[in-house]
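# have a look at this prediction, sequence included:
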Amino acid sequence: DYGRVSLVAKGARTARSKLQGVLQPFAPLIVSWSGKGEVQTLTGAEPVKSSISLSGNQIMSTYYINELLQRLMTYHDPHPELFVVYQKTLESFSHYDDELVLRRFEKQLLAEIGYGLSLEVESENGLALSKDEKYYYDIEKGPVNIKNNDATGEFVISGQTLLDMSMEQFSSPQSQKEAKQLMRIVLGHHLGDKPLKTRSEE
């Protein structure tokens, strides 16, 4: 309800601090804070439930998600629905393939902040995408059929992959690979020249 905020937990490491053991990664909290300016002071934190259990590559994936949120969200811009998406995403790692979870989150994040993808119709004529056709993705407009267009220098993607992304599922390893490549291109456009630290560590 308050958007992204930056807080300082003063004295949290001292032996008498009420925050000892509370400020854990991926732990839902009810928090209170005070102060003015961009960085304010955390005055209280209460666990809602235990931390979400993550391991191995899941941890790096969640760091990647967090970095996306920090880079693409502005301070104090409320996105209550996105918070729900974030929580469900963390919980999904224990039930679904990591790559599917990440593609779902990337798609839903872009939609929530106003950069949603068009994944069902051609940008030029509104025709439904065909799983058997090939397209390139114009970030400002959407899918463009390469049949009658010059796709030189463009990343070409199958209609099947775009439809899979619309349905938030993958029909094949190739679809999974193409979806990842497309999301990197789209996110790179919105992130600008500064690369993600979590991607550089892959």
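That came in fine, so what should we check first? Numbers count the residues shown, from 1 in each chain.
# C-alpha only now, for contacts and for neighbours.
Fine.
# any idea which residue sits dead centre in the protein?
Centroid-nearest residue in the chain, with C-alpha atoms, centre = their mean: E106, separated by 3.5 Å.
# what's downstream of the strand or helix carrying it, the next helix or strand?
In the assignment (DSSP states H and E), E106 maps to helix 98-112. Next along the chain after helix 98-112, taking DSSP H and E as the criterion, comes strand 134-138.
# need the longest helix for this protein.
Scanning the chain for the helix with the most residues, using DSSP state H, yields helix 173-191.
# helix or strand right after that one?
Per DSSP H and E, helix 173-191 leads on to helix 197-200 as the next helix or strand towards the C-terminus.
# what residues of that next one count as buried?
Neighbour-count burial for helix 197-200, with 16 or more other C-alpha atoms under 10 Å as criterion, is recorded at T198.
# list the helices and strands that helix packs on?
Secondary-structure packing of helix 197-200 (3 or more C-alpha pairs under 8 Å, 6 or more residues apart in numbering; DSSP states H and E): helix 57-72.
# quick revisit: is it correct that the residue nearest to the centre of the chain is in contact with R184?
No. Between E106 and R184 there is no contact under C-alpha atoms under 8 Å: 9.6 Å.
# just the CA trace of stretch 71-86, in PDB.
C-alpha atoms of stretch 71-86 as PDB (Å, rounded to 0.1, in the frame of the first residue of the first chain):
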ATOM      1  CA  ARG A  71      15.300  -1.100 -10.600                       C
ATOM      2  CA  LEU A  72      11.900  -0.800 -12.200                       C
ATOM      3  CA  MET A  73       9.800   0.500  -9.300                       C
ATOM      4  CA  THR A  74       9.900   4.100  -8.100                       C
ATOM      5  CA  TYR A  75       9.700   5.100  -4.400                       C
ATOM      6  CA  HIS A  76       6.300   5.400  -2.700                       C
ATOM      7  CA  ASP A  77       4.300   4.200  -5.700                       C
ATOM      8  CA  PRO A  78       1.700   1.800  -4.300                       C
ATOM      9  CA  HIS A  79       1.400  -1.600  -6.000                       C
ATOM     10  CA  PRO A  80      -0.600  -3.800  -3.700                       C
ATOM     11  CA  GLU A  81      -1.300  -6.400  -6.400                       C
ATOM     12  CA  LEU A  82       2.400  -6.700  -7.200                       C
ATOM     13  CA  PHE A  83       3.100  -7.500  -3.600                       C
ATOM     14  CA  VAL A  84       0.700 -10.400  -3.800                       C
ATOM     15  CA  VAL A  85       2.400 -11.500  -7.100                       C
ATOM     16  CA  TYR A  86       5.800 -11.300  -5.400                       C
END
